[in-house]
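**Student:** any chance you can model this:
(2 chains)
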Amino acid sequence: MRKLTDIAKQDETIPFYLSVLADKTTQPEVYRDTFYALGEKLALQINKHIDSKVKVLLACTNEDADWLSKGIFDHLLSDYKNIAVFWNVRTAPSENYNLMIAPITKQYVEMQHDCDTLIICKSIIFTSCVVRTNLNHLINQIDPRRIIIAAPVIFKSAERTLRCEFDESISKKFDFLYFAEDDQEVDGEVIPGIGGDIYSRLGFNKDEKNKFTPEIVKSRRAVL
Amino acid sequence: MRIFKVPKTAYTYLAKKLTGGAANEKGNKYENFFAVYKIAGLFNLHKKSPQHGSVSGQCNAFIDDFMIDNQGERQYFQLKSSDKATWRNGKNPLYSDFIWQSFIERMGRRRFKLYLVVADQNKKNKLNSEKPWGLKRCAEVLHFPYHDSLYRQIKGDTAFREELRKLSYAGAAEDKLEALGTFILGRWGATDKTNISIKEFYEYISNLNLAFFASNDGNYLSESTVVILNSIEGFTFTINGGYLVWKFGSFDSGIMTYKVGTDKMNAFEREVQELNPTNFNQLEPLLS
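**Tutor:** Numbers count the residues shown, from 1 in each chain, chains lettered A, B, ... in the order given. All right, here's what the predicted structure looks like:
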């Protein structure tokens, strides 16, 4: 069962975009554009709470960088915004899915040691091992005043799980921003979620997804 | 010579204890994370000098949560995650379990040490100071803090983190230590926890992809690969614990998850030599 947030209920395009994601017949190009549009919607909400003069670091995984994350990044009003992109490998040791881990094998991080606001975005927050791993990696190096965890869809227990994984001194900085909360999962897939395995929906071969370097990384790397 | 005889009633109690042992989730986590800690410590010993012993969990003994049997010496560990542990209180006091176990070890003429492990430092100090006379020389109370996830154990327990850090490559970040600890935990959970060979366990983990288990097998990249990688402007790399760890410019960094000398890394080297990248954009897809 899906519960829309108040933000999503007040903007009829958001439930529409979420339904496009959940529709398994949506083609990759439309799927990607929909994530970009949802990123823009997330940015609209984030902008209400940040000053254009604050330093913002936007973190994401490589598969989210060119669409969801870029949608946020392009519409963030901050004058001092940077990105951090992570390549994680999710694996379950001894095929025990209660032990899921997501070590970082590659990263592109425009580090801001005096970052005020850290935004971690993800296409969907489910087990939260990727978000937790990447967030922990960053907060070991920076001390943001505020941490916004943004996703179009979240699984019902994910917010509580993430808060429990961090000391209160860190978790009190968390602001969760999402449009829908789902409470069903079948065989490791949130229903309706984002319509299944994101890599294949975006048009990636799942086994090769970590060979993909987002265009936003290539373009910023070339000029910075 | 005094002959110690363990009464039948004690063995009846032992049978009940084994069927009801480690029932609750907190207790399970505490035992499992402690097992990871001790196994990691044994792996570190094994790196210096081969260990030929074994480890067991929930063994057939009065002190039954964890046991190390190493070259004739046995170490038994009883874990108490709650703060209610005492030596003498309760229907089956800890003191009795420890005394019976010490009797059995003496009857078997084994070198042994018994450990009570508690989650609270103050509790540890108190129990050590109140140690019954009969256990003065053969038992000790240890502190192992409780955390409700392996990730938090790594963050909050310096000794635990250090054992994993020594097993991994130099400078490994917490996500790599978590991966290593989780692989040990996963493998431990997949065994029957009975007489698991330290040597075989070590070799199993050291060969796992994504375990970030350092080794210095003396494997190196071929000279032709090194020449190509060195020619890429802004790209630097080291072989660290057998892993290729790299940086590019100010923002990019990473690690190949397969160790040098493995089939996958040999394939990487072949790809590098065939493609002969001259800049990072050409090299980057090969680094995954």
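**Student:** ok, the residue lying closest to A:His75 once chain neighbours are set aside - contacts?
**Tutor:** Nearest non-adjacent residue to A:His75, counting by C-beta to C-beta, 6 or more residues apart in numbering or on different chains: A:Ala43, 3.6 Å away. No exception for glycine: its C-beta is placed from N, CA and C like everyone else's. For A:Ala43, the contacting residues are A:71-76, by C-beta atoms under 8 Å, 6 or more residues apart in numbering or on different chains.
**Student:** what's the closest of the residues you listed to chain B?
**Tutor:** A:Phe73 (15.3 Å; C-beta to the nearest C-beta).
**Student:** so what's the closest one closest to, chain neighbours aside?
**Tutor:** A:Leu58 (5.4 Å).
**Student:** ok, that neighbour touching A:Lys70?
**Tutor:** No: with contact defined as C-beta atoms under 8 Å, A:Leu58 does not reach A:Lys70; the gap is 9.5 Å.
**Student:** strands of the chain, residue ranges please.
**Tutor:** Went with chain A since none was named. Using DSSP state E, the strands of chain A run over A:2-4, A:55-61, A:80-88, A:104-109, A:117-121, A:124-125, A:146-155, A:174-182, A:184-186, A:189-191.
**Student:** sorry, should have said chain B
**Tutor:** B:54-57, B:66-70, B:73-80, B:111-118, B:139-143, B:196-197, B:235-240, B:243-248, B:252-255.
**Student:** could you dump those strands to TSV with mean neighbour count?
**Tutor:** Below are the strands of chain B laid out as TSV (neighbours: other C-beta atoms under 10 Å in any protein chain shown):
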stretch	mean neighbour count
strand B:54-57	22
strand B:66-70	21
strand B:73-80	21
strand B:111-118	21
strand B:139-143	19
strand B:196-197	16
strand B:235-240	16
strand B:243-248	20
strand B:252-255	20
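**Student:** picking that back up, so what sits opposite the residue nearest to A:Phe73 in the bridge?
**Tutor:** For A:Leu58, the beta-bridge partners under DSSP bridges are A:Ile83, A:Ile119.
**Student:** so what's B:Ala139 bridging to?
**Tutor:** With DSSP bridges as the rule, B:Ala139 is bridged to B:Leu114.
**Student:** separation between it and B:Lys113?
**Tutor:** 7 Å (C-beta to C-beta, to the nearest Å).
**Student:** please apply the same query to A:Asn134.
**Tutor:** 43 Å.
**Student:** ok, the lengthiest helix in chain B near chain A or not?
**Tutor:** When chain B is parsed with DSSP state H, its longest helix is helix B:25-48. No: figure legend: helix B:25-48 not in contact with chain A (C-beta under 8 Å from any C-beta of the partner chain); closest approach 10.4 Å.
**Student:** residues of that helix that come out buried?
**Tutor:** B:27, B:29-44, B:46-47 (16 or more other C-beta atoms under 10 Å in any protein chain shown).
**Student:** now do stretch A:102-122
**Tutor:** A:102-110, A:112, A:115-122.
**Student:** and B:Leu244, what does it touch?
**Tutor:** Applying C-beta under 8 Å, 6+ apart to B:Leu244 gives the contacts B:221, B:237-238, B:255-256, B:260, B:265.
**Student:** next up, the contacts around A:Asp79.
**Tutor:** Counting by C-beta under 8 Å, 6+ apart, A:Asp79 has contacts A:52-53.
**Student:** same deal with the one 3 residues further on?
**Tutor:** By C-beta under 8 Å, 6+ apart, the contact set of A:Asn82 is A:55-58, A:110-112, A:115.
**Student:** over to B:Ser54?
**Tutor:** B:68-70, B:195-198.
**Student:** how about B:His46: what's its closest non-neighbour residue?
**Tutor:** Leaving aside its chain neighbours, B:His46 sits nearest to B:Tyr202 (5.1 Å; criterion: C-beta to C-beta, 6+ apart).
**Student:** contact residues of the stretch 101-250 of chain B facing chain A?
**Tutor:** Checking the stretch 101-250 of chain B against chain A by C-beta under 8 Å from any C-beta, the hits are B:148-149, B:151-152, B:155, B:173-176, B:178-179, B:182-183, B:185-187, B:189-190, B:210, B:212, B:249-250.
**Student:** the same query, at a cut-off of 6 Å, please.
**Tutor:** Contact residues, the stretch 101-250 of chain B versus chain A (C-beta under 6 Å from any C-beta of the partner chain): B:175-176, B:179, B:182-183, B:186-187, B:190, B:210.
**Student:** for the residue lying closest to B:Thr238 once chain neighbours are set aside, which residues count as its bridge partners?
**Tutor:** Spatial nearest neighbour of B:Thr238, excluding adjacent residues (C-beta to C-beta, 6+ apart): B:Val245 at 5.5 Å. Judged by DSSP bridges, the bridge partners of B:Val245 are B:Thr238, B:Ile255.
**Student:** ok so, going back, need the contacts of B:Leu244 in a markdown table with pLDDT, can you?
**Tutor:** Below are the contacts of B:Leu244 laid out as a markdown table (pLDDT from 0 to 100):
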| residue | pLDDT |
| --- | --- |
| B:Leu221 | 95 |
| B:Phe237 | 97 |
| B:Thr238 | 96 |
| B:Ile255 | 97 |
| B:Met256 | 96 |
| B:Val260 | 94 |
| B:Met265 | 95 |
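**Student:** what is the nearest of these to chain A?
**Tutor:** Of the contacts of B:Leu244, the one sitting nearest to chain A (C-beta to the nearest C-beta) turns out to be B:Ile255, at 6.0 Å.
**Student:** surely the closest one touches B:Val245?
**Tutor:** Yes: B:Ile255 lies in contact with B:Val245 (C-beta atoms under 6 Å); the separation is 4.9 Å.
**Student:** who are the contact partners of the nearest residue to B:Phe235 once chain neighbours are set aside?
**Tutor:** Using C-beta to C-beta, 6+ apart and skipping residues adjacent in sequence, the residue nearest B:Phe235 is B:Phe248, 4.9 Å away. Taking C-beta atoms under 6 Å, 6 or more residues apart in numbering or on different chains, we find B:Phe248 in contact with B:234-235, B:280.
**Student:** could I get those residues in TSV, plus columns for distance to A:Ile198 and pLDDT?
**Tutor:** Below are those laid out as TSV (distance: C-beta to C-beta, whole Å; pLDDT from 0 to 100):
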residue	distance to A:Ile198	pLDDT
B:Gly234	31	96
B:Phe235	30	98
B:Phe280	27	96
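**Student:** which member of these is positioned nearest chain A?
**Tutor:** Among the contacts of B:Phe248, B:Phe280 lies closest to chain A (C-beta to the nearest C-beta), at 8.4 Å.
**Student:** and the closest one, how many neighbours does it have?
**Tutor:** B:Phe280 is flanked by 18 other residues according to other C-beta atoms under 10 Å in any protein chain shown.
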